[in-house]
Each structure stands twice: as structure tokens, then as C-alpha cells.
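> Got a sequence here, can you build the structure:
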Amino acid sequence: MNVLEALGLSTPVVQAGMGGGVTSAELAAAVSAAGGLGTIGLSDPRSFAAELHRAVKLAGRRPVAANLLVPFTRRAHIDACVAAGAALVVFHDGAPGRWIAALRAARIPVLCSAGNAAQARRALAAGADGLIAQGVEAGGHLVADRPLAVTLPEVLEAADGAPVLAAGGVADAADVRALLSAGAAGAIAGTRFLLTEESRAHPGYKQKVLGAQRTIRTMLFGMGWPLAHRVVPNAVTERWCARNELGPQTVRAFNRMSAPLSRLLPVSAQGPILAAQRVTVPLYTPALPLAGMHPGTVDRSALYAGETIHRIHDIVPAAEALARLTP
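Next comes the predicted model:
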């Protein structure tokens, strides 16, 4: 029995844990209530704890997961997962042994993302119960630099029997079916759930994704977290990524030097910094525009989305999005 079967899901689909506040309790709970696995993404510890508690309550007896971005994870996030009764925790961009041990001691299974065999082996050595094989097609921050068709078999082999979920390029039921046939225990979808009524993404952000003709893999929005990420274009990428999608070399160098900021600054500082960002000054945090923010933030912040934009054309309720993904 794999980790998703143990949770009693009726469909092997997980809503990606989109961080920064874009995943509402209503979104995660709607996915879980419909038979998938909804996930609360990382935000500041207080907001994260409140949202996770609400999601678990709204989902009734259905399981709800949590997604933690390793550079920004604090002890308070781990405590919130235990207190709320998270059914599963996913770590992205690392495998922190002490946090994995704390969660497993609370009988919460842990998965870690991996974009190659080396990352997969490190995660299992750190105590992870399973893995998420990510492909470079995925939206958001990338631990992979190759397509899922390459990373999935490599991670499956390194997993040596441990369950492996697959993320990247999941837009419909045919994608899920293909990944299950390839050996994945389940599929993770992000952009499809970003474009739902329950998503807290700014309406202008959603419209940018729906109207985009392409995505780019860049490092422009890397202040404090210099990991490559996939976004749709906006005013700042058009200005600063025209010559090189990754962004100006000087900006990338500054972002690498700023990496310690993720451990020094509170997650709650992302919002005020985002409000101060300007198109003319290439200093951008990983923060994304949320509903209620000034419309101008859409053109000066990260608009994360995967390559599935070419096959997703509407905004629907979360339960409908899950139904379209169900084999």
C-alpha cells in the first residue's frame, strides 16, 4: 500500500502546496473533500497554522497535507503540522533530518521533492518516507533541470521501492493516467489548482496565466531564495530577461549572496518587500501577488505557472479541477 492509498484517497491526485498564501483553506479542503489530497503551502508561521487548522476542519474527516519550503521552515511550522493533524508533510528544496524525525515521531509521513537520483537518495537517507519526482516543466521553484520523462524513472530507480509521486506537466486525467502507468504512486498538479475559484492568486495573476503564450525558467525572483523558477512573463521579465531568461548575471550573483536572508528575515517580511518592488530596480523576492493586493504588483512580482498553461483555459471550482484530473 502506497502513501496515498494509506490516506484513503479516492483519486491519486495531490494539489501542489503553493506557498506565499495562494493556497486557501477553502482550496485545500475542497480538493480533500472531493477525494484528492489538498495541501496548505508555507506562509508565516501564524498564518500557516491558522490556515492549516481551518483546512483540516473544513475537510471534515478527509486528510489534508502541508508543504514546507526548506529554507523558510521554522520550528513553529513543524509544531503547527503536528497540532493540526496534517496527514502528510512535503519538504521542497532539501531534506532536513531533524524536522523529518520530529514529524515521523508524531506519525506524520514525510515526502521530499527530488529532481535527480542524488537528491532522492539524500532524502531517503534523511528519513523521508517517499519522494516527489519533479520535472522542469513544473511551475514555481525547481529542483529539476530535466523533463519529468527523464527524472521520474531515475527517481523511481533510486527510491528502491519507496513511493514516488510525480510533478510537472499535469493538466488532465490523461496525464495522471500516464504517470501511474510509468510507475508513479500519484500525480501532483499546481497550475490547474492555481486557476480555481478558491485560489487566492490575484485575479490579474490568473488572467496573465490564462493569456500567456509561454513560460520562462528564470532566477530573477531569487532574492533570499536563489533557486530557478518557472513563471509566465510580465513587465519585469520583459525588461530584465530579454537577453537571458535566467536574468542579468549581476542580479543572479546578488541573489546567491542574499541566500542567508531566507533564514534571517521572517516570512512575513515578504509582503512589505513585494510592495516596494519596482520594474526599474531588479531586486525581486519570491513573493507572488495575492487577491486584495494593488493591481500593480502583478507586473512586478513572480507569476509562477507550469508549461500546462497551453492546455488550461478556464477558472473552475477546485472540485471540478480535481474531477478533470481524475483517471
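
> use CA for all of it now, contacts and neighbours both
Noted.

> For stretch 182-191, list the C-alpha coordinates in PDB.
Once non-C-alpha atoms are left out, stretch 182-191 reads as follows in PDB (Å, rounded to 0.1, in the frame of the first residue of the first chain):
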ATOM      1  CA  ALA A 182       5.000   4.900 -15.600                       C
ATOM      2  CA  GLY A 183       5.200   3.800 -12.000                       C
ATOM      3  CA  ALA A 184       4.200   6.900 -10.000                       C
ATOM      4  CA  ALA A 185       2.100   6.400  -7.000                       C
ATOM      5  CA  GLY A 186       0.200   9.600  -7.800                       C
ATOM      6  CA  ALA A 187       0.300  12.900  -9.500                       C
ATOM      7  CA  ILE A 188       0.700  16.500  -8.300                       C
ATOM      8  CA  ALA A 189      -0.900  19.400 -10.100                       C
ATOM      9  CA  GLY A 190      -0.200  23.000  -9.400                       C
ATOM     10  CA  THR A 191      -1.300  25.300 -12.200                       C
END
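
> what pLDDT, on average, does it get?
Stretch 182-191 carries an average pLDDT of 98.

> chain center to it: distance?
How far stretch 182-191 lies from its chain's middle: 13 Å, per Cα atoms, centre = their mean, to the nearest Å.

> got the buried residues for that stretch?
Judged by neighbour count using 16 or more other Cα atoms under 10 Å, the buried positions of stretch 182-191 are Ala184, Ala185, Gly186, Ala187, Ile188, Ala189, Gly190, Thr191.

> and of those, the nearest to Tyr205?
Each of the buried residues of stretch 182-191 was scored against Tyr205 by Cα to Cα, and Thr191 proved nearest at 11.7 Å.

> Leaving out chain neighbours, which residue sits closest to that closest one?
Ala305 (5.6 Å; Cα to Cα, 6 or more residues apart in numbering).

> can I assume that neighbour is in contact with His141?
No. Using Cα atoms under 8 Å, Ala305 is not in contact with His141; the gap is 9.8 Å.

> Now the common contact residues for those two.
Counting by Cα atoms under 8 Å, 6 or more residues apart in numbering, the common neighbours of Ala305 and His141 are Arg230.

> neighbour-wise, which of the two wins?
Ranked by neighbour count (other Cα atoms under 10 Å), Ala305 and His141 place Ala305 first, with 31 against 26.
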